[in-house]
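> Coordinates only, no sequence provided:
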């Protein structure tokens, strides 16, 4: 038997009663688990095996991955049910994790980031677009793609009033320092405040990465860069992101 704490990323139906779930654990990466009789009221999984539930799972080896022996819920995130766009955004996070996490990887910090993001989506304490951008930037950093946020790569200025951040190069320079001869396909102009927010997200402790203030202009640049930077390095399309954007068009602050 293997006992793990994990959060359910996806569910896939098998036949009329069974389903596979993918669980993000802190020690073993993403595990595929068969839940027998998942559609029955007496299922061994119950609420503990539903989508985005954080639970303690007792697993036994199976021909394909593991099979669920029992499960006890730790946190269900009931607030997600109140927003279609929140569920879509959580699904986008799940797709990024499944695409990027290697088998048997130690994913403690990734699991923590995902759980924190689910918490804030469920409690509605931050705008969804802010949660999305923080997840994207911190996730990119955890995967080894942390942007260079130290100083202008040409003059060494730590905090220029106006700057350009290169999605491809992962670094910034003063707007006046950007050579005309250098052509990048993804250059994002931003004020100093947006750079400070990027530094905050990629460098601070988990407890504080979601909490900061920005003007509307700086927030827009921050969000734009976060999405572009992660997607550039993933080089993959995530269907749930398109769905989230369609659902979030009329949300305040989206």
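Received, thanks. Computed from a predicted model, the values in this text were never measured in an experiment.
> residues in contact with residue 94?
9, 10, 52, 114, 240 (Cβ atoms under 8 Å, 6 or more residues apart in numbering). In short, each C-beta sits where N, CA and C put it, glycine included.
> Please, where are all the strands along the stretch 1-150 of the chain?
2-14, 18-25, 30-35, 54-61, 66-75 (DSSP state E, counting those that start in this stretch).
> what does the stretch 151-254 of the chain give?
Using DSSP E, counting those that start in this stretch, strands in the stretch 151-254 of the chain cover 162-166, 172-174, 187-191.
> ok so, going back, export the strands of the stretch 1-150 of the chain to JSON lines and tack on mean neighbour count and distance to residue 102?
Shown next, in JSON lines, are the strands of the stretch 1-150 of the chain (neighbours: other Cβ atoms under 10 Å; distance: least, Cβ to Cβ, whole Å):
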{"stretch": "strand 2-14", "mean neighbour count": "17", "distance to residue 102": "15"}
{"stretch": "strand 18-25", "mean neighbour count": "22", "distance to residue 102": "12"}
{"stretch": "strand 30-35", "mean neighbour count": "21", "distance to residue 102": "9"}
{"stretch": "strand 54-61", "mean neighbour count": "18", "distance to residue 102": "19"}
{"stretch": "strand 66-75", "mean neighbour count": "17", "distance to residue 102": "18"}
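> Need the nearest residue in space to residue 155, chain neighbours excluded.
residue 177 (5.4 Å; Cβ to Cβ, 6 or more residues apart in numbering).
> Number of residues surrounding the one you found?
16 (other Cβ atoms under 10 Å).
> how near is it to residue 188?
Computed as Cβ to Cβ, to the nearest Å, the residue 177 to residue 188 distance reads 15 Å.
> do the same with residue 56
42 Å.
> list the contacts for residue 221?
Residue 221 neighbours (Cβ under 8 Å, 6+ apart): 188, 189, 190, 191, 194.
> what comes up buried for the lengthiest helix in the chain?
As assigned by DSSP state H, the longest helix anywhere in the chain is helix 216-234. Of the residues in helix 216-234, 218-219, 221-231, 233-234 count as buried by neighbour count, 16 or more other Cβ atoms under 10 Å.
> what does stretch 187-199 give?
187, 188, 190, 191, 193, 194, 195, 196, 197, 198.
> Need the max-distance pair from the contacts of residue 94.
114 and 240 (13.8 Å; Cβ to Cβ).
> So for those two, which residue has more residues nearby?
residue 114 (23 against 17).
> right, and that one touches residue 92 too?
No - if you go by Cβ atoms under 8 Å, residue 114 and residue 92 don't touch, sitting 11.3 Å apart.
> Between which two of the buried residues of stretch 187-199 is the distance greatest?
Farthest apart among those - using Cβ to Cβ - are 187 and 196, which lie 19.0 Å from each other.
> where does the stretch 151-254 of the chain have low pLDDT?
Counting by pLDDT under 70, the ranges of the stretch 151-254 of the chain that qualify are 181-185, 250-254.
> Try it again at 90.
169, 178-186, 205-207, 247-254 (pLDDT under 90).
> ok, back up a step: in a markdown table, list the strands of the stretch 1-150 of the chain along with distance to residue 104 and mean pLDDT.
Compiled in a markdown table, the strands of the stretch 1-150 of the chain are given as follows (distance: least, Cβ to Cβ, whole Å; pLDDT from 0 to 100):
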| stretch | distance to residue 104 | mean pLDDT |
| --- | --- | --- |
| strand 2-14 | 12 | 94 |
| strand 18-25 | 10 | 93 |
| strand 30-35 | 9 | 94 |
| strand 54-61 | 14 | 95 |
| strand 66-75 | 13 | 94 |
